[in-house]
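K.L.:
Predicted coordinates and the sequence they were generated for:
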Amino acid sequence: LDHAERIGAKVVLSGDPKQLPEIAAGGLFAALTAQQPTIELHDNHRQQHEWEIEALRQLRDGNTTHALHAYLDHGRITVGHDAAHTKLLLVGDWWAAFVAGDDAVMLAGRRADVAELNMCGHVRAQAAGMLTGPTLRVNGVPIQAGDKVMMLRNDRRLHVSNGNRGHVLTVDPDQHTMRVQIGYRTVDLPAHYVDAGHVGLAYAMTVNKAHGTTRDATMLLADDRGIRART
C-alpha cells in the first residue's frame, strides 16, 4: 500500500470482514474497513433460493438460531446418532451428488476428519470403477488415475498453486510421478513435489481450505464447536 501511494496508484480491496479469519497473523482488511470509507454490496447471487439468502445473512450476522431453523425446515441439516453415523450419512449424501455430476465436496473443521472423509471418497470411487491403473502412495495416501486431488504447495516452475484441484490422469509408482488435469491444463508433477507430500486427495477439505470457492454442492461435517462456514 505504501508503494502504491508513492507511485500514485489506486488500490481497490474487496472482501468480507466477517469471513473466516486468516490462519496466521491477519485482520488488516477488517481494520481498514473500520477506518476508511467503504462501498458495500448487499446482493447475494450465489445462493439460489430467497430463504437460503436470508438464512445465510442471519448466519453471517450471528443470528444462528433463526438460520439453523431455516436450514432444518428445508431439510439441509442431517443429524446422526453419533460421529460415525453422521459421517456415514454425510458421505452418502456427497456420493449421491457426486455421481449425479455435481461438483460436490465434503467439508470439515479437523484435518483428521478430512483425511477420513477423503479415504471414504477414494474407496467409493474405486468400488464404482472410477479409478484405474496402479496405486501411488503419497504420505501413505493411495492415489490412482481418476482420483480428485489438490495441490498443497505453490510451485511457480510447475505453474501450480496451493489449493488447485485436479483430476489424476496417470501415476507412475516407480518414478513417483503423476500427470494431473487442472482446469484446461495438463501438469506433470515430478517426484520431488510428490514425495514432499504436496499432493492430497480432494474429495474433502477443511473449511479454511475451501474459503472463497464455489461448488454445486457442499456437505459440512459440523460439531459442537459451531463451525461458521462460507459454502
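P.N.:
On my side now, so go ahead. Residues are numbered from 1 along each chain as shown.
K.L.:
drop to CA atoms for contacts and neighbour counts, all remaining ones
P.N.:
Fine.
K.L.:
give the contact list for M130.
P.N.:
M130 is in contact with G146, D147, counting by C-alpha atoms under 8 Å, 6 or more residues apart in numbering.
K.L.:
Confirm that it sits in a helix.
P.N.:
No: per DSSP: H, G, I helix; E, B strand; the rest coil, M130 lies outside any helix segment and is coil.
K.L.:
Against A196, how distant is it?
P.N.:
26 Å (C-alpha to C-alpha, to the nearest Å).
K.L.:
What ranges does this structure have for its helices?
P.N.:
Along the chain, counting by DSSP state H, helices occupy 2-6, 28-35, 50-60, 64-73, 83-99, 111-127, 191-195.
K.L.:
which of the ones you listed sits most buried?
P.N.:
Looking across these with neighbours counted as mean count of other C-alpha atoms under 10 Å, the highest average goes to helix 111-127: a mean of 18.
K.L.:
okay, the angle between it and helix 83-99?
P.N.:
50 degrees (axes from the mean of the first three to the mean of the last three C-alpha atoms, to 10 degrees).
K.L.:
For helix 111-127, enumerate the helices and strands it packs against.
P.N.:
Using 3 or more C-alpha pairs under 8 Å, 6 or more residues apart in numbering; DSSP states H and E, the elements in contact with helix 111-127 are helix 83-99, strand 104-108, strand 199-201, strand 204-206.
K.L.:
May I have that helix exported as PDB, CA atoms only?
P.N.:
The C-alpha trace of helix 111-127 is given here as PDB (Å, rounded to 0.1, in the frame of the first residue of the first chain):
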ATOM      1  CA  ARG A 111      -7.800 -32.400   9.400                       C
ATOM      2  CA  ALA A 112      -8.300 -35.800  10.900                       C
ATOM      3  CA  ASP A 113     -11.900 -35.800   9.800                       C
ATOM      4  CA  VAL A 114     -10.900 -34.500   6.300                       C
ATOM      5  CA  ALA A 115      -8.400 -37.300   5.900                       C
ATOM      6  CA  GLU A 116     -11.000 -39.900   6.900                       C
ATOM      7  CA  LEU A 117     -13.600 -38.400   4.500                       C
ATOM      8  CA  ASN A 118     -11.000 -38.300   1.700                       C
ATOM      9  CA  MET A 119     -10.300 -42.000   2.200                       C
ATOM     10  CA  CYS A 120     -14.100 -42.700   2.100                       C
ATOM     11  CA  GLY A 121     -14.300 -40.800  -1.200                       C
ATOM     12  CA  HIS A 122     -11.400 -42.700  -2.700                       C
ATOM     13  CA  VAL A 123     -12.800 -46.100  -1.600                       C
ATOM     14  CA  ARG A 124     -16.300 -45.200  -3.100                       C
ATOM     15  CA  ALA A 125     -14.700 -44.100  -6.400                       C
ATOM     16  CA  GLN A 126     -12.600 -47.300  -6.500                       C
ATOM     17  CA  ALA A 127     -15.600 -49.500  -5.800                       C
END
